[in-house]
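[1] here is a sequence with its predicted model. Questions after.
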Amino acid sequence: MPTIQLRNISKRFGSIQALEDITFDVKNGEYLCILGSTGSGKTTLLRTISGIIKPDNGEVISNEKNMSDVPVEDRDTVYVPQTYALFPHLTVIDNVCFGPISKGEDNDLAKKRAMEILKLVKLDKRAESYPSELSGGMQQRVALARGLVSGAKMLLLDEPLGALDARLRIELRTELRRIAKENGLTVIHVTHDQDEAMSIGDRIMILRRGKVQQIGTPFHVYIRPQNIFVANFVGHSNFLEGTVMKRNSKESIIRLRGGNQVKTDDISHAVEEPIVIGIRVEKTRIFDHPVDAVNTLRGELIKANFIGTFIRYEVKLDNGDIMAALEPSDSGPAKLQLGDRVMLTFEPDHCIVFDYPTLGLNRELEVF
Amino acid sequence: MPSVNIEKISKKYGKIEALKKVSLEIEEREYLSIIGPSGCGKTSLIKSIGGIIEPSEGEIFVDEHNITKTLLEDRNAGYVFQEIALFPHLKVNENIGYGPLVKGENPVVKKRQVGEMIDLLNLDGQESFFPSELSGGAKQKTAIGRALASGSKLLLLDEPLGMLDLKIRTQLRYELRKLVKDLGLTAIHVTHDQEEAMSISDRIVIMKAGEIVEVGTPRKLYTRPSKIFTAKFLGEANFFEGKVTEIEGENYKVDISGNMITVLGEDAVLKINDKCIIAIRPEYIRLNKEKSEENNSWKCRVVEESFKGNAIIFILIAENGSRLSVKYVLTKDEPEISVGDELYATLPSSHLLIYNYPIDGLDAELALE
């Protein structure tokens, strides 16, 4: 049974369509990440779900109740803004109790519950500390505790890790997911960080210019991106432009710009149709010698960068296109030199074939 | 062609020591980046070099001139900040030509200098745009152009790409390195982005709590980090506590909660019975259905699996209770491994790192804040 349902939500700010006909469900206990770049509408969407923003059209349904006329404070969702805005002059526990007590709850009762919540986020030992005495990660957990103390089981988190140091952010992903799962929370978490969304969400939703591009498990979105934008925004892909030359019941032959031919196992595009092939950079192999492979493209090595787990190569193909390849840094090809003639290969079943975009490939690759 | 020599600089803010006797030599034409967790002192260090803050102690030399007391405007260093601070009422070419040294130039020379910058930065066609009409990437390129137009050969970059979207950031980092190399500049670049640091730099400086932990090439720091904190901060690593049981030349035999392991310890200084830390990157651990011929093969059970796009992370528990994180790179098809499987994890001795047990314990050594 879904706990949060959005039906045809639209919102316009002046001439800008911030949200356009958004419909989706979040299941009980699910962790959903909304992923988008600056200006994609992700914060507007979260604030609409919370009731802070009123949509022009559509409705938010929570536990089967229409929330349209329910004020923010009476909803069973809690919005945790990006800036923690903790009271600097109050201790951790007083920060957490502030809401319940100001709503008229009994002091002792509120403190007792606040303490339980602090245990959940592993801050019970720091209950008497002031925010300035806590690390960034701890402050983030206080903000979370303040959201949870109302008893809400549905959390709306706006870039919850955004204010933290990059390295720490990675560590706290696991922590945040653990707290959500151990306490049966339903979470909608907004982020601009692809890796964060992939690591933490049961499902991710990609938003661009106020429109949902795709919603699915991280695996599904990564393996079967619905469009070029998603293939480019989540993970790293090469894109090659071409036309379908031949097609049978199992595979098709694509003529790339410049004349090279490659085979794909896509059969959903007709002969003569212009298309774009997407290939993940880690599924693109690089060799310094001719190899026996179904698809081979030749070019000149123009970049080689050590990035830890992988070495990232960039090759200028003979038709002028640039293609990248990732190889494991400990077991990839022997040292290649910039300027070397190289071969790039990829398997037909690793090609994702997209319709040629109406506004051209470059427009689809723009982030905004 | 500046070289920079930093000698024992310290900076105190009240009781807090942001820099503790930091010494560092930067060669001319080098691209050096500085990384470390929040509060490690990386920003104080670059600000000291730029003359924005004055160190409490120590000296800074550029090309052997002591500039510790030289005023900011006389340092001839180009400074680019994370917050893009362009003049909103000036066009791109006017912003680039604004630098104090360029201002005094005769108009012909100035026009040529600005024109060269526009070319170099691929800003052609956008010369007469106002900042509000530019993308984030073009704005930051204009800021870089302004820093360089004055002819300074030392470029100080304080999170220059930090505010940009990931895709644009990735593209711009290569342009930045190319620019520095083509113009023969010396660049010092503070960043929080590890991949950026590794792909852009000749050397990386890792800082923690006001001190330099380690300096080296990206490959050296990643594959053979000399310090536990480097292994922790740059990339990911598994850490195990162990005890040395045998030493044969450079080969150490270590007992990790009952599992024996052989490690190649090139620079290790350890005796028999010493406590030690063993580390290995998750992608260097191999998973096999059968026990491998090598020594370092542990029987494990897969307890978690998570998909990361270009890799899968498996969490395994070994018979001795050790928890292992294994990164299986997906350059080929996915492996036939699922949660609950029993298999062997091989930890190749050439990829194992051995360290003296830290005085304050492992947790303190690994702490980020």
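    Structure's in. What do you need?
[2] residue B:253 and residue B:259 touch, don't they?
    No - contact criterion CB atoms under 8 Å: residue B:253 and residue B:259 do not qualify, at 11.2 Å. C-betas here are computed from N, CA, C, even on glycine.
[3] quick check: the residue of the stretch 1-150 of chain B nearest chain A.
    Relative to chain A, the nearest point of the stretch 1-150 of chain B is residue B:38 (4.1 Å; CB to the nearest CB).
[4] quick one: that residue and residue A:165 touch, right?
    Yes - here residue B:38 reaches residue A:165: they are 4.1 Å apart, a contact under CB under 8 Å.
[5] which residues are common contacts for these two?
    Residues touching both residue B:38 and residue A:165 (CB atoms under 8 Å, 6 or more residues apart in numbering or on different chains) are A:136, B:369.
[6] which of those two has more neighbours?
    Remark: of residue B:38 and residue A:165, residue A:165 carries more neighbours, 21 against 16, as counted by other CB atoms under 10 Å in any protein chain shown.
[7] quickly find the element holding the spatially closest residue to residue B:93 that is not a sequence neighbour.
    Spatial nearest neighbour of residue B:93, excluding adjacent residues (CB to CB, 6 or more residues apart in numbering or on different chains): residue B:127 at 4.4 Å. Following DSSP states H and E, one finds residue B:127 outside all helices and strands.
[8] dump stretch A:359-368 to PDB, restricted to CA.
    Extracted in PDB, the C-alpha atoms of stretch A:359-368 (Å, rounded to 0.1, in the frame of the first residue of the first chain):
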ATOM      1  CA  LEU A 359      16.700  19.000 -30.900                       C
ATOM      2  CA  GLY A 360      20.000  17.200 -31.700                       C
ATOM      3  CA  LEU A 361      22.300  15.200 -29.500                       C
ATOM      4  CA  ASN A 362      24.100  18.200 -27.800                       C
ATOM      5  CA  ARG A 363      20.800  19.600 -26.500                       C
ATOM      6  CA  GLU A 364      20.100  16.300 -24.800                       C
ATOM      7  CA  LEU A 365      23.500  16.200 -23.200                       C
ATOM      8  CA  GLU A 366      23.100  19.500 -21.600                       C
ATOM      9  CA  VAL A 367      22.600  19.100 -17.900                       C
ATOM     10  CA  PHE A 368      19.900  21.800 -17.500                       C
END
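[9] and residue B:248, how far from residue B:255?
    For residue B:248, the distance to residue B:255 equals 15 Å [CB to CB, to the nearest Å].
[10] check residue B:297 too.
    Taking CB to CB, one finds residue B:297 at 16 Å from residue B:255.
[11] now residue B:277
    According to CB to CB, residue B:277 and residue B:255 sit 13 Å apart.
[12] find residues that contact each of these two.
    Both residue B:277 and residue B:255 are contacted by residue B:242, under the criterion CB under 8 Å, 6+ apart.
[13] now do the same for residue 316: its pLDDT.
    Let's take chain A. In this model, residue A:316 is scored at 97, pLDDT.
[14] other chain: chain B
    At residue B:316, the pLDDT value in this model is 98.
[15] kindly report the same for residue B:360.
    So, for residue B:360, pLDDT stands at 93.
[16] now the strands for the stretch 101-250 of chain B?
    Assigned by DSSP state E, counting those that start in this stretch, the stretch 101-250 of chain B shows strands spanning B:154-158, B:186-190, B:203-208, B:211-216, B:238-248.
[17] quick one: name the residues of the stretch 101-250 of chain B near chain A.
    Residues of the stretch 101-250 of chain B found near chain A (CB under 8 Å from any CB of the partner chain) are B:165-168, B:174, B:192-195, B:198-199, B:218-219, B:222-223, B:233-235.
[18] if you set the cut-off to 7 Å instead, what comes out?
    Residues of the stretch 101-250 of chain B found near chain A (CB under 7 Å from any CB of the partner chain) are B:165-168, B:174, B:192-193, B:195, B:198-199, B:218-219, B:222, B:233, B:235.
[19] just those residues now: which is nearest residue A:142?
    Among these, residue B:192 lies closest to residue A:142 (CB to CB), at 23.0 Å.
[20] any low-confidence regions in the stretch 1-150 of chain A?
    A:1-2 (pLDDT under 70).
[21] what residues does it have near chain B?
    A:37, A:38, A:135, A:136, A:137.
[22] for these, work out which two are farthest apart.
    The widest separation within the residues of the stretch 1-150 of chain A next to chain B (CB to CB) is 28.6 Å, between A:37 and A:135.
[23] those two: which has the busier surroundings?
    Taking other CB under 10 Å, residue A:37 and residue A:135 do not tie; residue A:37 has more neighbours (20 against 17).
[24] does the more buried one count as helix, strand or coil?
    Secondary structure, DSSP: H, G, I helix; E, B strand; the rest coil: residue A:37 is coil.
[25] how far away is residue A:212 from residue A:276?
    From residue A:212 to residue A:276 the distance is 21 Å (CB to CB).
[26] cool, residue A:52 as well?
    For residue A:52 relative to residue A:276 (CB to CB), the value is 39 Å.
[27] compare the two (neighbour count), which wins?
    residue A:276 (22 against 13).
[28] which strand residues bridge the more buried one?
    Bridge pairing for residue A:276 (DSSP bridges) gives the partners residue A:241, residue A:354.
[29] residues contacting it?
    With contacts defined as CB atoms under 7 Å, 6 or more residues apart in numbering or on different chains, the neighbours of residue A:276 are A:228, A:239, A:240, A:241, A:354, A:356, A:361.
[30] before we move on, back to that, in terms of neighbours, single out the busier of residue B:248 and residue B:255.
    Each of residue B:248 and residue B:255 has its neighbours counted (other CB under 10 Å); residue B:255 has more, 16 against 8.
[31] can you give me the mean pLDDT across the helix or strand where the more buried one lies?
    Element membership of residue B:255 [criterion: DSSP H and E] is strand B:251-256. On average, the pLDDT along strand B:251-256 is 95.
[32] direction included, what does the following helix or strand past it pair up with?
    The helix or strand immediately downstream of strand B:251-256 is strand B:259-264, counting by DSSP H and E. According to DSSP bridges, strand B:259-264 has the following sheet partners: strand B:251-256 (antiparallel).
[33] quick one: contacts of the strand it pairs with?
    By CB under 7 Å, 6+ apart, strand B:251-256 touches B:240, B:242-246, B:260-265, B:268, B:270, B:276, B:278, B:320, B:322, B:354.
[34] buried stuff in stretch B:358-365?
    By neighbour count with 16 or more other CB atoms under 10 Å in any protein chain shown, stretch B:358-365 contains the buried residues B:358, B:362, B:365.
[35] tell me who's in contact with the second one.
    Put plainly, it is residue B:362. Contact analysis of residue B:362 by CB under 7 Å, 6+ apart lists B:239, B:241, B:277.
[36] how far away is the nearest residue to residue A:274 once chain neighbours are set aside from chain B?
    Excluding the flanking residues, the one nearest residue A:274 by CB to CB, 6+ apart is residue A:356, at 3.8 Å. Going from residue A:356 to chain B by CB to the nearest CB, to the nearest Å gives 21 Å.
[37] swap in residue A:85?
    19 Å.
[38] same question, residue A:155
    21 Å.
[39] all helices for chain A, in order.
    With helices called from DSSP state H, chain A shows them at A:42-50, A:92-102, A:107-120, A:136-148, A:166-182, A:194-200, A:218-223, A:228-233, A:361-365.
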